[in-house]
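>>> Got a sequence here, can you model it:
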Amino acid sequence: MVTFLFIVSAAVVLAQTPRQVSLIITNGIVVTVDDGNRIINSGAVAIDGTDIVAVDTVENVRRQFRGRQTIDAAGQVVMPGLVNTHTHAPMVLYRGLADDLALDQWLTKYIFPAEAKTVSPEFVRAGTRLAALEMIESGTTTYADMYYFEDEIARETKAAGLRGVLGQTVIQFPVADAKTPAEGLARAERFVQAFKNDPLITPAVAPHAIYTNDSATLKAAREMSVRLGVPTLIHVAETQSEAMTAKERGSGTVVSYLDSIGFLGPGVLAAHAVWVNDSDMALLKSRGVGVSHNPVSNMKLASGIAPVRAYLAADVAIGLGTDGAASNNDLDMFEAMRAASFLQKVATSDPTAVSASAAVRMATIGGARALGMDKQIGSLAPGKRADVIIVSMNAARQTPMYDPLSHLVYVTNGDDVQTTIVNGKVLMRDRRVLTLDRAAALRDAKKWAVSVSAAVGR
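Sure, this is the predicted structure:
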């Protein structure tokens with residue numbers, strides 16, 4: 001009897017002993033972005049290794065867990081890391097190089113010539129470090145990228161601790177890392193093989209657009225993605241003039257043309273998708289294509305207004321992107337949320353078109369869904385990867401606060417992010433970046449600006 005009582009008592013003690021985990025974020029306003037859109041006013045998130053193990057009230061988490069590290073988030077919002085579904089990371093080194101131009105002029109007269117003279121592995125490494133610094137400091141934890149020397153981008157992204165869906169660009173004309181489309185495809189396959197199954201990097205194949213690739217190259221790029229089981233990233237229907245290429249190839253729209261060559265399907269991410277009709281949206285939905293909405297870039301280049309309210313109503317998987325900093329001119333996803341909401345309100349004459357809640361979802365779980373990663377990231381829930389940001393709500397412009405979702409979209413900036421965590425690793429704490437040499441990244445970028453200016457005669 002004594003032995004039995006001892007065993008029972010020991011079991012009770014063990015059951016009441018909090019489990020030790022690697023990190024607990026406590027006392028925050030936890031915006032979960034889960035299926036119920038729960039907001040826990042006095043909440044906590046328990047993280048063990050790479051995973052979230054609990055999202056609950058402070059009291060409940062304290063009862064069950066003890067953290068080797070603790071972050072006190074009192075007066076701050078704790079939320080999923082932001083998912084930037086479209087950018088060109090190294091192009092931060094072209095920030096402000098050419099402004100106030102339409103897309104075709106911007107690309108052909110300035111960007112493509114600048115790239116021809118300056119892009120190299122060293123350029124890409126320096127640009128990626130600067131972009132990673134900017135994203136960590138403004139709360140982006142996952143980003144989708146299309147550029148050249150994507151293997152260099154992947155290595156710098158991993159070193160910074162960010163999560164990336166990174167696409168090796170395939171394009172018809174000679175570029176810095178491939179002189180022919182065949183070389184671009186071969187480079188893309190080597191890149192995929194090198195980084196497939198990486199915990200932070202999802203390699204992808206990125207045929208640039210239909211106006212920069214012929215049908216054979218587009219089909220070859222998509223077939224490679226399917227064969228290797230990786231995503232396909234592509235610009236789609238960004239401008240009205242792009243539709244002319246589709247018409248020349250026998251289709252009424254860019255989306256219908258891509259479908260006619262068997263390109264559309266699960267794993268495809270269509271960046272921009274501005275100039276689409278109802279049939280196009282139905283095709284994108286039925287084929288399981290994700291969409292990246294880039295409101296700031298679209299406005300700056302006067303490319304058009306994507307029908308976001310219609311996408312949301314049709315339950316198309318749509319997330320937000322910044323595009324590259326050469327056409328934005330920053331990587332601030334809080335700005336993208338605000339622009340997405342305001343742009344749809346004025347375009348539809350409906351102030352309810354994209355609410356603050358909808359904008360936050362697009363920047364988190366919506367982007368994760370567009371990238372096919374919503375089972376792993378995009379919301380705060382047990383079992384998901386621990387990609388979390390802590391956002392200060394203490395600025396004068398954030399006072400008072402009645403609704404944290406309203407504040408996140410309508411008044412908050414990237415500079416309000418205090419702490420950034422990816423895969424359970426703290427990349428920035430209290431505005432101090434831990435995985436990058438901030439001074440060196442800025443210094444290298446300024447050196448490259450001298451080379452870029454000389455190359456383009458500025």
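>>> how's the protein carved up into domains?
As given by automatic domain parsing, the domain ranges for the chain are 17-80+386-433, 82-370.
>>> Of these, flag the one that's most buried.
domain 82-370 (a mean of 21; mean count of other Cβ atoms under 10 Å). Heads up, the C-betas are built off the backbone N, CA and C, glycines and all.
>>> Grab the longest strand from this structure for me.
strand 19-31 (DSSP state E).
>>> And that one, what does it pack against?
Judged by 3 or more Cβ pairs under 8 Å, 6 or more residues apart in numbering; DSSP states H and E, strand 19-31 is in contact with strand 39-48, helix 58-64, strand 65-72, strand 76-80, strand 388-392, helix 404-410.
>>> which residues sit against the fourth one?
In this case it means strand 76-80. 25, 28-33, 43, 45, 141, 360, 364-365, 377-380, 387-394, 404, 407-408, 418 (Cβ atoms under 8 Å, 6 or more residues apart in numbering).
>>> I'd guessed Ala237 sits against Met281; true?
No: in this structure, Ala237 is not within contact of Met281 by Cβ atoms under 8 Å, at 10.9 Å.
>>> Burial check on Val450, number of neighbours?
9 (other Cβ atoms under 10 Å).
>>> and Leu166, what element?
strand 163-170 (DSSP states H and E).
>>> where in this protein is pLDDT low?
Residue ranges of the chain with pLDDT under 70: 1-15.
>>> Now Asp430: closest residue in space, sequence neighbours ignored.
Excluding the flanking residues, the one nearest Asp430 by Cβ to Cβ, 6 or more residues apart in numbering is Gln418, at 5.8 Å.
>>> ugh, wrong one, I meant Leu405
Using Cβ to Cβ, 6+ apart, the closest residue to Leu405 is Ala356 (4.5 Å).
>>> Please apply the same query to Ala302.
Spatial nearest neighbour of Ala302, excluding adjacent residues (Cβ to Cβ, 6+ apart): Ala102 at 6.1 Å.
>>> Thr70 too?
Excluding the flanking residues, the one nearest Thr70 by Cβ to Cβ, 6+ apart is Ile24, at 5.1 Å.
>>> Run me through the strand neighbours of the longest strand of the chain, direction for each.
Applying DSSP bridges to the sheet, strand 19-31 is found paired with strand 39-48 (antiparallel), strand 65-72 (parallel), strand 76-80 (parallel).
>>> Show residues contacting the first one.
Defining contact as Cβ under 8 Å, 6+ apart, one finds that strand 39-48 is touched by 21-32, 52-62, 64-65, 67, 78, 380, 386, 388, 404-405, 421, 424.
>>> Confirm for me that Ser120 is in contact with Glu152.
No: contact criterion Cβ under 8 Å: Ser120 and Glu152 do not qualify, at 9.4 Å.
>>> can you map out the strands along the stretch 351-458 of the chain?
Assignment of strands within the stretch 351-458 of the chain using DSSP state E, counting those that start in this stretch yields the ranges 388-392, 417-422, 425-429, 432-433.
>>> May I see these arranged in CSV, with distance to Gln193 as well?
Shown next, in CSV, are the strands of the stretch 351-458 of the chain (distance: least, Cβ to Cβ, whole Å):
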stretch, distance to Gln193
strand 388-392, 31
strand 417-422, 24
strand 425-429, 26
strand 432-433, 31
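>>> Indicate which one of those is closest to Arg38.
For Arg38, the closest of the strands of the stretch 351-458 of the chain is strand 388-392, at 15.1 Å, according to Cβ to Cβ.
>>> what helices or strands is that closest one leaning on?
Taking 3+ Cβ pairs under 8 Å, 6+ apart as contact, the helices and strands that strand 388-392 lies on are strand 19-31, strand 76-80, strand 417-422.
>>> Let's have the ones you listed in JSON lines, adding distance to Val175.
Converted to JSON lines, those look like this (distance: least, Cβ to Cβ, whole Å):
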{"stretch": "strand 19-31", "distance to Val175": "41"}
{"stretch": "strand 76-80", "distance to Val175": "35"}
{"stretch": "strand 417-422", "distance to Val175": "30"}
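>>> Select, out of those strands, the one closest to Val268.
Of these, nearest to Val268 by Cβ to Cβ is strand 76-80, at 23.7 Å.
>>> Just to check, Ala359 is in contact with Arg338?
Yes: with contact defined as Cβ under 8 Å, Ala359 counts as touching Arg338 (7.4 Å).
>>> Tell me which helix or strand the residue nearest to the spatial centre of the chain sits in.
Nearest residue to the geometric centre of the chain (Cα atoms, centre = their mean): Asn84, 1.9 Å. Secondary structure from DSSP H and E places Asn84 in strand 82-87.
>>> Show residues contacting the next helix or strand along the chain from that strand.
Downstream of strand 82-87, the first helix or strand assigned by DSSP H and E is helix 103-105. Under the contact criterion Cβ under 8 Å, 6+ apart, helix 103-105 has outside partners 238-239, 241, 301, 303, 327.
>>> Swap in 6 Å and give it another go.
Residues outside helix 103-105 that contact it (Cβ atoms under 6 Å, 6 or more residues apart in numbering): 239, 301, 303.
>>> contact partners of the very next helix or strand once past it?
Where DSSP H and E defines the elements, the next helix or strand beyond helix 103-105 is helix 112-118. Helix 112-118 is contacted by residues 452, 455-456 when judged by Cβ under 6 Å, 6+ apart.
>>> Of the residues you listed - the most surrounded one?
Neighbour-wise, these (other Cβ under 10 Å) top out at Val452, 18 neighbours.
>>> that older thread, ok, the residue nearest to the centre of the chain to Asp35 distance?
Going from Asn84 to Asp35 by Cβ to Cβ, to the nearest Å gives 23 Å.
>>> again with Arg227
Distance from Arg227 to Asp35, by Cβ to Cβ: 34 Å.
>>> Contact partners for the nearest residue to Ala246 once chain neighbours are set aside?
Distances taken as Cβ to Cβ, 6+ apart place Tyr257 nearest to Ala246, at 4.0 Å, with adjacent residues excluded. Contact analysis of Tyr257 by Cβ under 6 Å, 6+ apart lists 246, 249, 251.
>>> For Tyr257, pull up the helix or strand it's in.
Tyr257 belongs to helix 254-260, assigned by DSSP H and E.
>>> Can I get that helix in CSV, CA atoms only?
Taking Å, rounded to 0.1, in the frame of the first residue of the first chain, the C-alpha atoms of helix 254-260 are listed here in CSV:
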residue,chain,number,x,y,z
VAL,A,254,-2.1,36.2,-69.8
VAL,A,255,-3.8,33.7,-67.5
SER,A,256,-5.6,31.9,-70.3
TYR,A,257,-2.4,31.7,-72.3
LEU,A,258,-0.5,30.1,-69.4
ASP,A,259,-3.3,27.6,-68.9
SER,A,260,-3.3,26.8,-72.6
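>>> Tell me the helix or strand right after it.
Downstream of helix 254-260, the first helix or strand assigned by DSSP H and E is strand 268-272.
>>> Send me stretch 449-458 as CSV with only the CA atoms.
The C-alpha trace of stretch 449-458 is given here as CSV (Å, rounded to 0.1, in the frame of the first residue of the first chain):
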residue,chain,number,x,y,z
ALA,A,449,26.0,52.4,-54.6
VAL,A,450,29.2,54.1,-55.9
SER,A,451,29.6,51.3,-58.5
VAL,A,452,26.0,51.4,-59.5
SER,A,453,26.1,55.2,-60.0
ALA,A,454,29.2,54.9,-62.1
ALA,A,455,27.7,52.1,-64.2
VAL,A,456,24.6,54.1,-65.1
GLY,A,457,26.2,57.5,-65.3
ARG,A,458,24.6,59.1,-62.3
